[in-house]
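**Q** Below is the sequence, then the predicted model.
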Amino acid sequence: MHLYIHIPFCKQACFYCDFHFSTNLSLKDKMVEAICKEIELQTDYLKNKKLQTIYFGGGTPSLLSGPDFEKIFKTISNFYDISCLKETTIETNPDDITIDKINEWKSYGIDRVSLGIQTFDNDLLKFMNRAHDSKQSINALDLLLTNNLGNITIDLIYAKNAKEFDIEKQNSILINDIEIIEKYNLNHISAYNLTIEDSTVFGKWVNQKKLEPIGEDYAAEQYEILIESLTSQGFEQYEVSNFAKNGKYAIHNSAYWKNEEYLGVGPSAHSYNLDSRQSNISNNSKYIAALESGKVPFAIENLSISDKVNDYLLCGLRTIWGIDTKKISQIAGRIPQTFWDTLDILKNQNLVIQSGNSIKITTQGRIFSDKIASDLFFD
């Protein structure tokens, strides 16, 4: 099984982020206690107690102290079998990286770092209201690699629609970002199109006409630059937004795409047991209060057969592994003719390929993966 732990604190709010977090750290100690309590209370959520991965996400988990991690890892080991762990990841910002923190993380078994660089361009970092600068990103990479924590994935954001930069300038910034990354010979990159959500600062700016929405052609152009540049470095695009060398796929994230069960702990965290999804309340005070009274504050969604199939299609078609029609039949019992008719159309458009029971999206279809999956959805 897989364990996700949401740490809902950040130093400051990035203008594009719509994840659940708070910049007020006054509840941090109580939050750690509540998370430990939820780990205990959720012990029976999944039958398999052998953890394969642990992932600290957020928010900014690197804001936790050594004693915070000690409490959480002790609780995990009390209630789960960690002898088969394959990967333990922490998300961190470059400005949080120190030698002491690296040594702390390694002592608790953290062996993979997801580094939120986003870009090496200082003006764009300011535009997004990031807390770090390019120099801190370089320093963070150097510290991690020279202190034996080299299993690093970098987060990049592309198609950043800053008014001050035309498309040509933005393309050159993206190419420069990738050239800097190449010098470090890393094995994993996660790259995301800047999505503007209504609840964010950028969303408000768009509504106020202070910022233009991201153009589809511009986003597609940047995506092509990204794919061409990274594949020329030897990266394999194994998921729409993820690139790996030497088979160094993100094990935890791959579990989501492969339809495996997982437990999510912390405010706003989601869990999945193949039959239902749970989502914890997205409110720090209410989450803590509920756990202090011995309850996990979550909503549950029982999945219909169509829900299960559609989830499988949506996640699987994003990856190099694709989907298996035998698996669909196992879930649904039968596959309607409308699925096959739509599949034929998509094959004729060179958006998907089929080999026996296996269906995968083509290179041409990658940018349309969600639309392709939705076209194949069961009613």
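**A** Happy to help now that I have it. Numbering: from 1, shown residues only.
**Q** which stretches of the protein have low pLDDT?
**A** Applying pLDDT under 70 to the chain flags the ranges 161-165.
**Q** redo that, cut-off 50
**A** Nowhere does the chain drop to pLDDT under 50.
**Q** and it, what are its domains?
**A** Annotated domains of the chain cover 2-257, 321-376 [automatic domain parsing].
**Q** Report whether the expected contact of residue 184 with residue 144 is present.
**A** No: Residue 184 is beyond contact range of residue 144, at 9.5 Å (criterion: CB atoms under 8 Å). To be clear about C-beta, it is placed using only N, CA and C from the backbone, and glycine gets the same treatment.
**Q** Kindly reformat the domains of the chain as TSV and extend each row with mean neighbour count and distance to residue 307.
**A** Converted to TSV, these look like this (neighbours: other CB atoms under 10 Å; distance: least, CB to CB, whole Å):
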stretch	mean neighbour count	distance to residue 307
domain 2-257	18	15
domain 321-376	15	10
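**Q** Turn those domains into TSV, columns for distance to residue 287.
**A** Below are the domains of the chain laid out as TSV (distance: least, CB to CB, whole Å):
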stretch	distance to residue 287
domain 2-257	6
domain 321-376	30
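**Q** For residue 267, which of those domains is the nearest?
**A** Judged by CB to CB, the one of the domains of the chain that comes nearest to residue 267 is domain 2-257, at 5.1 Å.
**Q** Okay, helices next: where are they in the stretch 101-250 of the chain?
**A** For the stretch 101-250 of the chain, the helices defined by DSSP state H, counting those that start in this stretch occupy 122-127, 134-146, 167-182, 201-207, 216-232.
**Q** Mind giving me the packing neighbours of the last one?
**A** Other elements packing on helix 216-232 under the criterion 3 or more CB pairs under 8 Å, 6 or more residues apart in numbering; DSSP states H and E are strand 152-158, helix 167-182, strand 188-193, strand 236-239.
**Q** For the longest one, name the packing helices and strands.
**A** The one in question is helix 167-182. Secondary-structure packing of helix 167-182 (3+ CB pairs under 8 Å, 6+ apart): strand 152-158, helix 216-232.
**Q** switch the cut-off to 10 Å
**A** Helices and strands touching helix 167-182, by 3 or more CB pairs under 10 Å, 6 or more residues apart in numbering; DSSP states H and E, are strand 112-118, helix 122-127, helix 134-146, strand 152-158, strand 188-193, helix 216-232.
**Q** before we move on, what about the first one?
**A** For strand 152-158, the packing partners by 3+ CB pairs under 10 Å, 6+ apart come out as strand 87-92, strand 112-118, helix 134-146, helix 167-182, strand 188-193, helix 216-232, strand 242-244.
**Q** Can you list the helices and strands that the fifth one packs against?
**A** In terms of contacts (3+ CB pairs under 10 Å, 6+ apart), strand 188-193 is packed against strand 112-118, strand 152-158, helix 167-182, helix 216-232, strand 236-239, strand 242-244.
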